[in-house]
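Student: task: produce atomic coordinates for the following.
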Amino acid sequence: MTLCVSRVRAREVALRTALALLNGSVIAGLAESRAQEVHGPAPSNRPVATAGSQSSDPAPGAGGVRTGDGDASSVAPSVAPPFTLPDLRGSMVASSYGSRPVTIVHFWASWCVPCMREIPDLNRFAAVYEPRGAAFYAVALSSGSAGEVRQIARAYEIRHTVLVGDGATARAFGGISSFPTVFVVDRTGQIVGRYIGSTEEIRRRVEADVQALLRAEIERPGGK
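Tutor: Model (predicted):
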């Protein structure tokens, strides 16, 4: 009897494992299908490229990211385009780069698994740096209506500012070929960093950019 029960339990475990693997494959396939539907087929892998960097090679362990290889739609502008987008309550929020030392524009999608995994880090980031003068805007693309994004924000306990973007916003930033994509913008509207992907190295580099701009703000004449 004990042997039979053990065999039944083993079969149940095997069945649950197979179903979990199947579900994971289906979810991944749906996400890839959705990405191609919105942005076209995935371009070839290339390293992370950042504005102002002397090298486009990723740091050890950072891996490659998907960017358009020579495609004009993937070329980021040197000056950040202004935007006015609705937040999750329907209020319009303007970029207003000149009103603060640094602005982080973070493009994401609700069906992007890495985007959802990094929400706790983004909450912490906004909580630490917004009181020091930074602005953090998480711009949702291809994620449904404001009401749908609001439900996602509530379910995942998103505490940073979420805006609902559109295709025009993505095109103004040179096209968003992969999620997440982050732009770091200074007070003059210059893009000082562009990062694609979600790795610990990218998070460190974004944070270093923000810290440098906040230090520069303190040191400039008339700064805080």
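Student: isn't residue 98 right up against residue 186?
Tutor: No: contact criterion Cβ atoms under 8 Å: residue 98 and residue 186 do not qualify, at 9.7 Å. Placement of C-beta: from N, CA and C, glycine included.
Student: which of those two has more residues huddled nearby?
Tutor: residue 186 (21 against 11; other Cβ atoms under 10 Å).
Student: please report how far the spatially closest residue to residue 90 that is not a sequence neighbour lies from residue 92.
Tutor: In this structure, residue 90 finds its nearest non-sequential neighbour in residue 146, 6.6 Å apart by Cβ to Cβ, 6 or more residues apart in numbering. Distance, residue 146 to residue 92, by Cβ to Cβ, to the nearest Å: 12 Å.
Student: residue ranges of the strands in this structure, please?
Tutor: With strands called from DSSP state E, the chain shows them at 45-46, 65-66, 84-86, 92-94, 102-108, 134-140, 161-164, 181-186, 191-196.
Student: ok, residue 157 to residue 135 distance?
Tutor: From residue 157 to residue 135 the distance is 21 Å (Cβ to Cβ).
Student: which of the two has more neighbours?
Tutor: Neighbours per residue (other Cβ under 10 Å) separate residue 157 from residue 135, with residue 135 holding more: 20 against 9.
Student: residue 101 is in contact with that one, correct?
Tutor: No: with contact defined as Cβ under 8 Å, residue 135 does not count as touching residue 101 (9.3 Å).
Student: residue 176 contacts residue 170, correct?
Tutor: Yes: with contact defined as Cβ under 8 Å, residue 176 reaches residue 170; the gap is 4.5 Å.
Student: quick revisit: and the strands of the chain: which comes nearest residue 218?
Tutor: In terms of Cβ to Cβ, the element of those nearest to residue 218 is strand 102-108, at 12.1 Å.
Student: got the buried residues for that closest one?
Tutor: Within strand 102-108, the residues scored as buried using 16 or more other Cβ atoms under 10 Å are 102, 103, 104, 105, 106, 107, 108.
Student: do you know how far the closest residue to residue 132 other than its chain neighbours is from residue 203?
Tutor: Leaving aside its sequence neighbours, residue 132 sits nearest to residue 214 (Cβ to Cβ, 6+ apart; 5.6 Å). As judged by Cβ to Cβ, residue 214 and residue 203 stand 16 Å apart.
Student: how about residue 192?
Tutor: Taking Cβ to Cβ, one finds residue 192 at 16 Å from residue 203.
Student: between those two, who's got more neighbours?
Tutor: Between residue 192 and residue 203, residue 192 has the larger neighbour count (other Cβ under 10 Å), namely 20 against 16.
Student: tell me the pLDDT of the more buried one.
Tutor: The score at residue 192 is 95. That number is its pLDDT.
Student: can you check the one 5 residues further on too?
Tutor: You'll see residue 197 listed with a pLDDT of 94.
Student: pretty sure it contacts residue 180?
Tutor: Yes: if you go by Cβ under 8 Å, residue 197 and residue 180 touch, sitting 7.2 Å apart.
Student: what touches both of those two?
Tutor: By Cβ atoms under 8 Å, 6 or more residues apart in numbering, residue 197 and residue 180 have these common neighbours: residue 114.
Student: and the chain, what are its domain boundaries?
Tutor: What automatic domain parsing lists as the domains of the chain is 1-41, 43-219.
Student: next, the distance between the ends of stretch 78-88.
Tutor: The straight-line separation of the ends of stretch 78-88 (Cα to Cα, to the nearest Å) is 29 Å.
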